[in-house]
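Enquirer: Have a look; sequence and predicted model below, questions after that.
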Amino acid sequence: MNRSQKVLLMLTSAAVIPVLMVTGVQTVKHVQTTAHQDGTIENIVTYLEEQMPNIPEERLREIANYVYTESRERELDYRLVLAVMKVESNFKQDAVSSKGARGLLQIKPSLGRGIAETLGVTWSGDRILHEPQKNIKFGVYHLSQLIEDFDTLQWALYAYNSGSTKARELSAKHKQPGARFAKAVLNEYEKTMTVLPEPQEMNGKQ
């Protein structure tokens, strides 16, 4: 081996070693993230088993996955989403309110159609709001937008329950939002935080 070949080998090795080290760190982080996600979903399934005792485990696992993945995509605490779900529908996917809101997160068809168009989801009729995947997708998106649009979580929750138009009109008059729904959700949120793990992206282990 001549000198130039030896130098080239040394340079190549010097370049490869840091890459291998970075790749190794990334792999460990990926494994840790996956393990945390799997563990969290298992905890959500256990939680849902208590809330929805007559639903098959496979279905509960699907709902747990939808809640976790949609919440993570929208940068929301999945435990807050579960709290809204508890207060809105008591985890009944066939729930219909007196105002026509439907499903687990109680989405009105008029709102659902607009969200479906925004997200590029085909609207096949009001019945899709009783499909957990669509309902959770729409509900989490809507909640995330309200949290972005309003100054406080209390206002965002009021808007979720009473409508964003009403909330904006009330805010423009410098009045305080109704507290009953927000208080119920926040109380439930505190309960979920005691029994379910903190999202990984919130505890700095991402």
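Expert: Looks like it arrived, so ask away.
Enquirer: Name the nearest residue to residue 57, ignoring sequence neighbours.
Expert: residue 45 (7.0 Å; C-beta to C-beta, 6 or more residues apart in numbering). Just so you know, the C-beta spots here come from the backbone N, C-alpha and C atoms, and that holds for glycine as well.
Enquirer: which residue packs closest to residue 100, ignoring adjacent ones?
Expert: What sits nearest to residue 100 in space, not counting adjacent residues and going by C-beta to C-beta, 6+ apart, is residue 108, at 5.6 Å.
Enquirer: got it, and residue 155?
Expert: Using C-beta to C-beta, 6+ apart, the closest residue to residue 155 is residue 177 (5.4 Å).
Enquirer: Give me the three-state assignment for the one you found.
Expert: The three-state assignment at residue 177 reads coil, by DSSP: H, G, I helix; E, B strand; the rest coil.
Enquirer: mind listing what it touches?
Expert: Going by C-beta atoms under 8 Å, 6 or more residues apart in numbering, residue 177 touches 154, 155, 158, 159, 162, 167, 170, 171.
Enquirer: Next one: the third one from residue 64, what distance?
Expert: The one in question is residue 158. Using C-beta to C-beta, to the nearest Å, residue 158 is found at 28 Å from residue 64.
Enquirer: for the fifth one, same thing?
Expert: With distances taken as C-beta to C-beta, residue 162 is found 29 Å from residue 64.
Enquirer: quick one: which of the two has more around it?
Expert: It is residue 64, of residue 162 and residue 64, that has more neighbours when counted by other C-beta atoms under 10 Å, with 23 against 14.
Enquirer: Is it correct that that one is in contact with residue 39?
Expert: No: Residue 64 is beyond contact range of residue 39, at 11.6 Å (criterion: C-beta atoms under 8 Å).
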